[in-house]
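J.: got a predicted structure plus its sequence, pasted below:
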Amino acid sequence: MTNDDGYDPSGGGADDVLDGLTEAQRRAVTTTEGPLLVLAGPGSGKTRVITRRIAYLVRCGVPAWQILALTFTNKAAAEMKARVVALLGEGPAGRGLTVSTFHALCARLLRRFAPVANLPGLSTSYSIYDDSDQLALIKATIAALNLSTTNFPPRSVLSRISSAKNDLLDAKAFEASAGDFASRVISKIYAGYEAALRKADAVDFDDLLLLTGRMLRDCAPVREACRERWSYLLIDEYQDTNRAQFVIASLLAGSGGAPTEGAAGTKPNICVVGDPDQSIYGWRGADITNILDFEKQYPGAAVVALGDNFRSTEHILLSADALIRHNKLRKHKPLVSFRGAGEKVEVVLLRDEHQEAALVADWLKAAKEDGAPPLAWKDLAVFYRTNALSRVIEERLRGEGVPYRIARGTAFYDREEVRNALGYLRVVANAADDVSLARIVNVPARGIGDTSWDKIEAAARREGTTVLVMLRQAGTVPDVSSRAANAAAKFVATLDGWTGAGSFMGADTPASLSELVERVIRESGLEGMYKTAAGVGGTGGDAADASRVDNLAELVSSAAEFEAAYVPEEDAGLGPEGGAGGTGVPPVLRVGSSAEAADTGGTPVPPVGRGVPPLLAMLRAYLERVSLVADADAVDPAQGAVTLMTLHAAKGLEFRAAALIGLEEGCLPHSRAQQNDRELEEERRLCFVGITRAMDRLLITSSKYRTIRGISERTIPSRFLDELPREHVRVSDQSDAFEGLDESWGGDSGMTGDPVAKLRARASGMSEAKPTGPFADLVVGATVRHPQFGMGTIRSITRGMNARATVKFRDVGEKTLLLEYARLVKVG
DNA sequence: CACTCATTCCTTTTT
DNA sequence: GGAATGAGTG
């Protein structure tokens, strides 16, 4: 992006990097020494400050390789790097600068230091498991423990484990903290899952952080090597860091993660940038106190607040400001617009989601035309809380011929066909990777079905070896049919053909990465499988399958591209440009160069590349890369279409005009996020993020009825609508427009009182009334008896068709019951 | 062993 | 309303 105005990269002094910055921005850039907290409000030029700061450091004589900048997304990292290069020029000045995501940095540190740091079950060719791999593994673990997936749903077990890892709790620590029965069982699953990961020489996303944090904490030589390499640390989106990331940052910075005391005397050059008001990943383990307590952790830290907003007009910004002021757990910082008053925010109440979609479509068209000059489709966006809301909008936009794209669309590397191909590649790179093997062993169907697999897998477990080893001797496994054994032999032979039986040498071994990928796709039968499904020649086939074939071809080109850019020496070192030679650039991050490392008897490690066939090394690097690219990286509003996305995906982006839909209780404060103030305030921040994405125009809609899971339900307008100041918003009620003239005909300017207030009052009055109809005596808090489960208390209840209640039973825990069948009896 | 039909279960998801 | 499992049949 180049909204960085007229800066001339050819200039040489440090001062030109400051051109055009405000006073506060300037302070954030030039306060280079010691800890610094930058509170960057929305649209305050945060990215510009970060990139200028890096350029300023370099201009002041700091070697670029001493600077480490950490982000959350690859996109942010790439943009940051590009903008720094634009500031410094392509020359040697920026050489060795490390801009990386947390996860990518950790992946490389682990690959580099796993052997030194004594991390059992982790070699340099470890696999990185994503969500679906994790799910497969956790299911297998639950099954191996003879537990049922109904009592322990894999997804929720996984999320428990994930949050434990985010808090740096390993299975043992988790067990120690496990209070109730379910938690103790989960701690067993956790332990089994960990063992399985280590056995497969694999880590999950959370492990990347957990293991790196532990390595930095426990292994002084590695810690020292990192601290020696990087003396200037910069972290973006700090409000979204979790406990593990916090510890990693603290250890890298050199404060040891110890509050106040331990840091005495040291003044690490750590600069964190973020906005507590935009913290929206608490549910994923992000800990907002990391940023709120920064000054406690580093006493005497400099603080710069960037509140000047260059993005949104006044009405929009002040609406957002008024809203966020309702949060209690927050540090206030003033928001000031530099873009003039602009138009008021439009709040419209609609009858149902179809009317809402129609209005949004009309509004988008009008916003496009009304702009001066007229806007492009790509300047427009629609935001919603949950993905399910996009469907109706999509249908309408399609019907009206408005081009749109969904920011979530399955990422390239997430597609089934691509994941299958990558599964083969993972098995090639890591013969212990049983999860990937399970995925692909019978895709396409080659006669090794579930029964044979189970037997071979059980045999492998008995022998304490990997499934692939057992597959090689499938004939000797009892009860495996000769047909399956033959199929297994053929499969193994194909695999060996690609790897030269593990040697990666010999005439038949692919000479390049792209050739390997191509052969895997062809010889595995994947290509043939999808071609058949697509109907060769295109007749009668499925268009989706045709695109699968294309995607496989695309994978080959992605491998070729990677190969072209790949430099083995850089892979061995750290930092994309930490290359060999040059002016004082350390070629490789090395353990054992410091005094302390020598004290602890740290042995210098051989470079990673040593002894590894080049093709294998390249494959590992390639797989690491593709494992770490995520959906959000693909969000690129550069196309000629309206962007539809969740509020979470919208963070960090901006649009000339935006529509925020579904402002209803239960939808924008989401029903699952109203348990406590912390959750509710995060919902409010989510709304804040949505509002502050809009530059010129903002539409907010709320629908009186919404179809949720197939049934139409009466809604209550979101409390957040009440919190928007009426001097900055224009409210209109169109929900009755087609229901006759009895009420508020033409009353869309609020002459007869505020429609939001009226509706909210009316609806909440209704919900407070005594429930009627069946089960009227069952209210939240009531004590009930169940024929099997005994006594309990009602935690929550939903009425209407299929009425359910969640009941906390004294003996058997919480259960959700269908009232129609449960025969609950109220007691007392 | 593979494919099809029914039953279940639903937030958000930077890596 | 819909995707994503699991059971059951060919």
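T.: Arrived safely, thanks for sending.
J.: got the buried residues for whichever helix in chain A runs longest?
T.: If you go by DSSP state H, chain A has its longest helix at helix A:543-565. Of the residues in helix A:543-565, A:545-546, A:548-549, A:551-552, A:555-556, A:558-560, A:562-563 count as buried by neighbour count, 16 or more other CB atoms under 10 Å. For glycine as for every other residue, the C-beta is placed from the backbone atoms N, C-alpha and C.
J.: determine which two of those are furthest apart.
T.: Using CB to CB, the pair of the buried residues of helix A:543-565 lying farthest apart is A:545 and A:563, separated by 27.7 Å.
J.: quick one, grab the pLDDT at the residue of the stretch 351-500 of chain A found nearest DNA strand C.
T.: When scored by CB to the nearest atom of the strand, the stretch 351-500 of chain A has residue A:391 as its residue closest to DNA strand C, at 6.0 Å. At residue A:391, the pLDDT value in this model is 86.
J.: then residue A:797?
T.: 62.
J.: residue A:120 reaches residue A:199, doesn't it?
T.: No: in this structure residue A:120 lies outside contact range of residue A:199 using CB atoms under 8 Å: 10.4 Å.
J.: for these two, indicate the residue with more neighbours.
T.: Comparing residue A:120 with residue A:199 by other CB atoms under 10 Å, the one with more neighbours is residue A:199, at 15 against 6.
J.: can you name the residues that contact that one?
T.: A:121, A:432, A:434, A:466 (CB atoms under 8 Å, 6 or more residues apart in numbering).
J.: contacts only, for the third one.
T.: When you say that, I think you mean residue A:434. Taking CB under 8 Å, 6+ apart, we find residue A:434 in contact with A:199, A:200, A:457, A:460, A:466, A:467, A:468.
J.: for those residues, give me a markdown table that also has pLDDT and secondary structure.
T.: Shown next, in a markdown table, are the contacts of residue A:434 (pLDDT from 0 to 100; DSSP: H, G, I helix; E, B strand; the rest coil):
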| residue | pLDDT | secondary structure |
| --- | --- | --- |
| A:199 | 89 | helix |
| A:200 | 90 | coil |
| A:457 | 85 | helix |
| A:460 | 88 | helix |
| A:466 | 90 | coil |
| A:467 | 90 | helix |
| A:468 | 92 | helix |
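J.: can you say which of those residues are buried?
T.: Neighbour counting with 16+ other CB under 10 Å marks A:200, A:457, A:460, A:466, A:467, A:468 as buried within those.
J.: of all those residues, which two lie farthest apart?
T.: The most widely separated members of the buried ones among the contacts of residue A:434, counting by CB to CB, are A:200 and A:457 (12.3 Å).
J.: identify each buried residue in stretch A:490-502, please.
T.: A:491, A:492, A:494, A:495, A:498, A:499, A:500.
J.: is the strand or helix carrying residue A:68 positioned near DNA strand B?
T.: If you go by DSSP states H and E, residue A:68 is part of strand A:67-71. No: using CB under 7 Å from any atom of the strand, strand A:67-71 stays clear of DNA strand B, with a minimum separation of 8.0 Å.
J.: mind checking if the helix or strand following that strand is in reach of DNA strand B?
T.: Next helix or strand after strand A:67-71 toward the C-terminus (DSSP H and E): helix A:74-88. Yes: part of helix A:74-88 sits near DNA strand B under the criterion CB under 7 Å from any atom of the strand, namely A:74, A:75.
J.: quick one, helix A:74-88 and strand A:67-71 angle?
T.: Helix A:74-88 runs at 140 degrees relative to strand A:67-71, counting by axes from the mean of the first three to the mean of the last three CA atoms, to 10 degrees.
J.: just the buried positions in helix A:74-88, please.
T.: Those would be A:74-77, A:79-81, A:83-88, for helix A:74-88 by 16+ other CB under 10 Å.
J.: partners of residue A:346 in the sheet?
T.: Taking DSSP bridges as the rule, residue A:346 bridges to residue A:699, residue A:730.
J.: I figured residue A:69 hits residue A:234, correct?
T.: Yes: under the criterion of CB under 8 Å, residue A:69 is in contact with residue A:234, at a separation of 4.4 Å.
J.: list the residues that contact both of the two?
T.: Contacts common to residue A:69 and residue A:234, judged by CB under 8 Å, 6+ apart, are A:50, A:54.
J.: next, count neighbours for residue A:125.
T.: Neighbour count for residue A:125, taken as other CB under 10 Å: 21.
J.: many thanks, have a good one.
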